[in-house]
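In: sequence and predicted structure are below.
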Amino acid sequence: MAETILSTKSLDFSIRIINLSKYLQEKKEFIMSKQIVRSGTSIGANIREAKFAQSDLDFIHKMSIALKESNETLYWLELLYRTDYISKQHYLEMRNDCEELLRILHSTVVTCKKKLNNQNK
């Protein structure tokens, strides 16, 4: 199965999230660690699931979930930074990666919705 830039970037991001979770657990922070793992790895899982969507609407739905999970992950990253669990540099690097995923996903969802609306006219 050919890998897309989006699936590659989301997998790489998931790996960084898991490593962040390991670090947080060493610091005895378990609640936010579980939350960010759930949302951060869900991005890639939904992108992967969308590859075999049953319809255009299903594809849009899966990508929209990945988009929402990206936004939630940004929240957890900011919270971890503002509560001094991660450094500013680590926060900015991960935020930039997550925002890039969010922008790509947003563009994908908007484009697919427009295409679907044009087909239905």
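Out: Looks like it arrived, so ask away.
In: quick one: buried residues of stretch 52-64?
Out: Using 16 or more other C-beta atoms under 10 Å as the test for burial, stretch 52-64 gives 59-64. Where C-beta positions appear, they are placed from N, C-alpha and C, glycine not excepted.
In: same check on stretch 14-27?
Out: Applying 16+ other C-beta under 10 Å to stretch 14-27 flags 14, 17, 20-21, 24 as buried.
In: so Glu99, which of the three states?
Out: Of the three states, Glu99 takes helix under DSSP: H, G, I helix; E, B strand; the rest coil.
In: what residues are up against it?
Out: Contacts of Glu99 were listed using C-beta atoms under 8 Å, 6 or more residues apart in numbering, and they are Leu74.
In: swap the cut-off to 10 Å and go again
Out: Contacts for Glu99 (C-beta atoms under 10 Å, 6 or more residues apart in numbering) come out as 70-71, 73-74, 77.
In: now, which of those residues lie within helices?
Out: Among the contacts of Glu99, the members falling in helices (DSSP state H) are 70-71, 73-74, 77.
In: pLDDT of stretch 74-86, averaged?
Out: Mean per-residue pLDDT for stretch 74-86: 98.
In: picking up where we left off before, list just the nearest of the buried residues of stretch 14-27 to Ile86.
Out: Nearest to Ile86 among the buried residues of stretch 14-27 is Leu20, at 7.2 Å by C-beta to C-beta.
In: point me to the helix or strand that includes that closest one.
Out: Taking DSSP states H and E as the definition, Leu20 sits inside helix 5-26.
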